[in-house]
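**Q** Next one to model:
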Amino acid sequence: MKPWEEKNFDVLQNLEFQIVEAYRANPAVTDFDVTDALDALCRQYSAEMAERRTGEIAMDPRAQAVYQNVRVVCEWRLGRTTQGDQNPPPITLPEVVAALRTIMKSVKRWSERGGKRGYLDFVKNYLP
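**A** Residues are numbered from 1 along each chain as shown. This is a model prediction of the structure:
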């Protein structure tokens, strides 16, 4: 594991948990849907960093479900929302984008090895 990944393991785990939750809710979700959702979030948060607006992003309903799940955690980790008493210190927009890109690389790697659900089938074994 790379130093950045070790330092931000909890952020990556929070995001991946939400990806797996979308997959468990709808087993038709594929790695492509995950990539589509993460890419849309990267574009949204990158545009925010550049103080630009993004338009509506059209996605398949499966990708939209992943997007919604992951976005909730991104907003929480950015300190924009709270969840009970367990609110970690906020992270920055660049850190969120870096985490999303890290997961996208993992999706690509595991999809190449295991097919259209290679990443999802791999990561679900490591999350409750």
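
**Q** Leaving out the residues flanking it, which one is nearest to Val11?
**A** Closest residue in space to Val11, ignoring its immediate chain neighbours: Ala99 at 5.0 Å, by Cβ to Cβ, 6 or more residues apart in numbering. In short, each C-beta sits where N, CA and C put it, glycine included.

**Q** To clarify, my last question referred to Leu78.
**A** Looking at Leu78 with Cβ to Cβ, 6+ apart, the closest residue is Pro90, at 5.7 Å.

**Q** cool, Arg24 as well?
**A** Nearest non-adjacent residue to Arg24 (Cβ to Cβ, 6+ apart): Lys124, at 7.5 Å.

**Q** what does Gln13 give?
**A** The shortest distance from Gln13 to any non-neighbouring residue, by Cβ to Cβ, 6+ apart, is to Leu127 (7.4 Å).

**Q** Residues contacting the helix or strand bottoming out on mean pLDDT in the chain, please?
**A** One helix or strand of the chain scores below all others by mean pLDDT, DSSP states H and E: helix 3-7, with a mean of 78. The contact list for helix 3-7 (Cβ atoms under 8 Å, 6 or more residues apart in numbering) reads 12, 98, 102.
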